[in-house]
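*Asks:* output the structure for:
(2 chains)
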There are 2 protein chains.
Amino acid sequence: MNRFSFSIEATDGKARTGMIAMKRGEIRTPAFMPVGTAATVKAMKPADVRNSGADIILGNTYHLMLRPGAERVARLGGLHAFMGWDRPILTDSGGYQVMSLAELRKLGEDGVSFKSHLDGSAHMLTPERSMEIQRLLGSDIVMAFDECTPFPSSRDAAAASMERSMRWAERSRAAFDDGGAHAEAAALFGIQQGAMEEDLRRISADRLIGIDFDGYAVGGLAVGEGQAEMFRVLDFAAPMLPADGPRYLMGVGKPDDIVGAVERGIDMFDCVLPTRSGRTGQAFTSMGPINIKNARFAEDSEPLDAACPCPVCGTWSRAYLHHLIRSGEILGAMLMTEHNLHFYQNLMTSLRKAISDQRLAEFSSDFRARYRGC
Amino acid sequence: MNRFSFSIEATDGKARTGMIAMKRGEIRTPAFMPVGTAATVKAMKPADVRNSGADIILGNTYHLMLRPGAERVARLGGLHAFMGWDRPILTDSGGYQVMSLAELRKLGEDGVSFKSHLDGSAHMLTPERSMEIQRLLGSDIVMAFDECTPFPSSRDAAAASMERSMRWAERSRAAFDDGGAHAEAAALFGIQQGAMEEDLRRISADRLIGIDFDGYAVGGLAVGEGQAEMFRVLDFAAPMLPADGPRYLMGVGKPDDIVGAVERGIDMFDCVLPTRSGRTGQAFTSMGPINIKNARFAEDSEPLDAACPCPVCGTWSRAYLHHLIRSGEILGAMLMTEHNLHFYQNLMTSLRKAISDQRLAEFSSDFRARYRGC
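*Replies:* Here you go, the predicted model:
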């Protein structure tokens, strides 16, 4: 088995469908990665995550370094053994989350010093430490350490931020390559920055290509710019990234965001939306999201989505889920999350098939006509 | 299929093992019933409850009448369809829980008026209304409406309370028999009261036998009297109940309580302990309970119980469960609950086998030598 390979099986316009092959398994693309922040996709057993159709999940360096700690996870056999998920795991670099700590962090050329949101203890993340943590976790796809440029930023600030991220990308590459056995088994992705500016995105892409990565992420989007602006940036930013490697749009998104991004050449996604919103009562359906707490569902004996083949829709009614979520029952969080993950994976399956069948435009048009976003 | 039959397959001293057969399935005895308060065994899917070995679960009239409401459950097809559990359900009468409302309730000869702990709305439970609610829920085993005598009580108060419960037992029987199709499909159990007094327990048992029930519960224990006193009362109270019907000790208990009660002739149990304590980090093991939050488990790569064949012990370490519970992760509640329910059901399987093999005394002695209770 190759360490990492990406093969494109079909294209339709800018969109592609294919397969990433890695030691721990294959990842069908376009792929959606459920978020397993603290070594668990919240409220889900790993077998049920897999059963929803997920080929890969995401773990968070920031959360895991604080609790239970990367060295501890390593002593316990790595993240896969620890949490009972034997397929690929992509880990973020921690950069995005430490930047969002606002008053608790301090940014310098070497990296970011910050205080834990759990106990106030002092920590430091640098490109080198981020690579070390991701190696200790046993990550399959390692993300370069970068700064997610704040939105909005002045052009000068965006340029300076991007330049620093590119210097950190070089240091990430070097530290990753020093990782011995892990570097021979895992993949490393670079992250394009440059805010909403086409020329900065171009500079960033060229710098990353010069360093050479297994895959390339679009960073700095889904930060409050809105879908129209995100699509405008993707229109020029995605094609700057190599066509023969996977392109990953970080932290996206709503179902209609994903459809539009796939049309623009994106292959990988992650987002907390299906899990987080499931816990609070939002269900995704083929007609758009619904809030199951709404009183109109109290005696609704229909499933969440009559078109959904998932185990939740096959067994329980909207009325039951309404009752569970209103009562604060854990089973409500479990079942809503499970349905939402199935919805997202079914969407990815449909997108892959539409690309294979060369009818993505039709699929996208039908989807937008039917789906009422929030 | 008979409406209700109880067959004893083997006895060992006062203990018995056998089978209750009902329309929705067989119940192996001695049986432990997981508690499904609000139409869910908390943090468990019904299929996983069944997979733990449960033949029957318990539902709470008090909670269900308030939310989602008995009439609503009936309109949605009954409790079985609502929650996706197709095997027998025993429902309590609501009596125990309304009595525990203390300042919120008022007791009279007709029944108990009380205010909802959810919204303060006014409600009334009588023997007739309790039977109606349990019929609306579609209960398989209906409990007579009674007063759980407070502990401690004076002898006079205990006698008066027991006498009222016996009058309510008569009214429960009459109201149940008026239930039409439900009365032809479901079973009705009476509840012995009489506090810790042998003569009152005798009077109560004789009154219940005169009314005639499908099974008989021992009520008014596990109310703070301690295990030694509970066993002292069971020594005389259990044999007063008919040997050819199942005997149910309500609200019990810890594993060692169950072993001792089975030795004294009890056939059925329910308790929130495995589910509630699982959510807060207590795991039952063959050596006794452990608190997984304890720092000594932070890097313990062993399963919760090396002797346990459950799916949780087959996959995850104490260190992982320690991390999940410390992090407040829902998956921690899910996995700890699942293990604990398996532990309880495995205990019941062992008890049934020990009785069949005529070696219950040896099993009990071994259990007490090994198990360090809390």
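*Asks:* rest of the way, CA atoms for contacts and neighbours
*Replies:* Noted.
*Asks:* leaving aside the residues next to it on the chain, what's closest to the residue in the stretch 101-250 of chain A that chain B sits nearest to?
*Replies:* Nearest to chain B, among the residues of the stretch 101-250 of chain A, is A:Leu118, at 9.9 Å (Cα to the nearest Cα). Nearest residue to A:Leu118, sequence neighbours excluded (Cα to Cα, 6 or more residues apart in numbering or on different chains): A:Leu66, at 8.0 Å.
*Asks:* touching, that neighbour and A:Ser116? I think so.
*Replies:* Yes: A:Leu66 is within contact range of A:Ser116, at 7.0 Å (criterion: Cα atoms under 8 Å).
*Asks:* so how far is A:Leu76 from the residue of the stretch 101-250 of chain A closest to chain B?
*Replies:* Here the criterion is Cα to Cα, to the nearest Å. By it, A:Leu118 lies 22 Å from A:Leu76.
*Asks:* these two - which one has more neighbours?
*Replies:* When A:Leu118 and A:Leu76 are compared for neighbours, A:Leu76 comes out ahead with 20 against 10, by other Cα atoms under 10 Å in any protein chain shown.
*Asks:* tell me who's in contact with that one.
*Replies:* Contact analysis of A:Leu76 by Cα atoms under 8 Å, 6 or more residues apart in numbering or on different chains lists A:Phe82, B:Glu299, B:Ser301.
*Asks:* what's around the first one, how many residues?
*Replies:* Put plainly, it is A:Phe82. Using other Cα under 10 Å, the number of residues around A:Phe82 comes to 25.
*Asks:* what does the second one give?
*Replies:* Residues near B:Glu299, counting by other Cα under 10 Å, number 18.
*Asks:* residues in contact with it?
*Replies:* Here B:Glu299 is in contact with A:Arg72, A:Arg75, A:Leu76, B:Arg318, B:Ala319 (Cα under 8 Å, 6+ apart).
*Asks:* apply 7 Å and report the result again.
*Replies:* A:Leu76, B:Ala319 (Cα atoms under 7 Å, 6 or more residues apart in numbering or on different chains).
*Asks:* roughly how far apart are the residue nearest to A:Leu118 and B:Ser113?
*Replies:* 52 Å.
*Asks:* cool, and A:Leu335?
*Replies:* A:Leu335 is 36 Å from B:Ser113, by Cα to Cα.
*Asks:* of these two, which one has the most company?
*Replies:* A:Leu335 (24 against 18).
*Asks:* assess the claim that the more buried one and A:Val312 are in contact.
*Replies:* Yes: between A:Leu335 and A:Val312 there is a contact under Cα atoms under 7 Å: 6.2 Å.
*Asks:* tell me the secondary structure of the residue of the stretch 101-250 of chain A closest to chain B, please.
*Replies:* Using DSSP: H, G, I helix; E, B strand; the rest coil as the criterion, the local structure at A:Leu118 reads coil.
*Asks:* that one and B:Asp12: what is the separation?
*Replies:* Distance, A:Leu118 to B:Asp12, by Cα to Cα: 55 Å.
*Asks:* just A:Glu362 next, same as before
*Replies:* Distance of A:Glu362 to B:Asp12, computed by Cα to Cα: 72 Å.
*Asks:* again, but for A:Gly190
*Replies:* 70 Å.
*Asks:* when these two are compared, which one has more neighbours?
*Replies:* When A:Gly190 and B:Asp12 are compared for neighbours, A:Gly190 comes out ahead with 33 against 17, by other Cα under 10 Å.
*Asks:* stretch A:95-109: which residues count as buried?
*Replies:* For stretch A:95-109, a neighbour-count test (16 or more other Cα atoms under 10 Å in any protein chain shown) marks A:Gly95, A:Tyr96, A:Gln97, A:Val98, A:Met99, A:Arg105 as buried.
*Asks:* start to end distance for it?
*Replies:* The straight-line separation of the ends of stretch A:95-109 (Cα to Cα) is 13 Å.
*Asks:* residues of chain A that sit close to chain B?
*Replies:* Within reach of chain B by Cα under 7 Å from any Cα of the partner chain, chain A has these residues: A:42-44, A:68, A:76, A:82-84, A:299, A:301, A:315-316, A:320, A:323, A:329-331.
*Asks:* mind checking which of those residues land in helices?
*Replies:* A:Phe82, A:Met83, A:Thr315, A:Tyr320, A:His323, A:Ile330, A:Leu331 (DSSP state H).
*Asks:* as a markdown table, those residues with pLDDT would be great.
*Replies:* What follows is these, written out as a markdown table (pLDDT from 0 to 100):
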| residue | pLDDT |
| --- | --- |
| A:Phe82 | 98 |
| A:Met83 | 98 |
| A:Thr315 | 98 |
| A:Tyr320 | 98 |
| A:His323 | 98 |
| A:Ile330 | 98 |
| A:Leu331 | 98 |
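*Asks:* ok, the buried residues of stretch A:95-109 vs chain B, which is closest?
*Replies:* Relative to chain B, the closest of those is A:Gln97; by Cα to the nearest Cα it sits at 17.6 Å.
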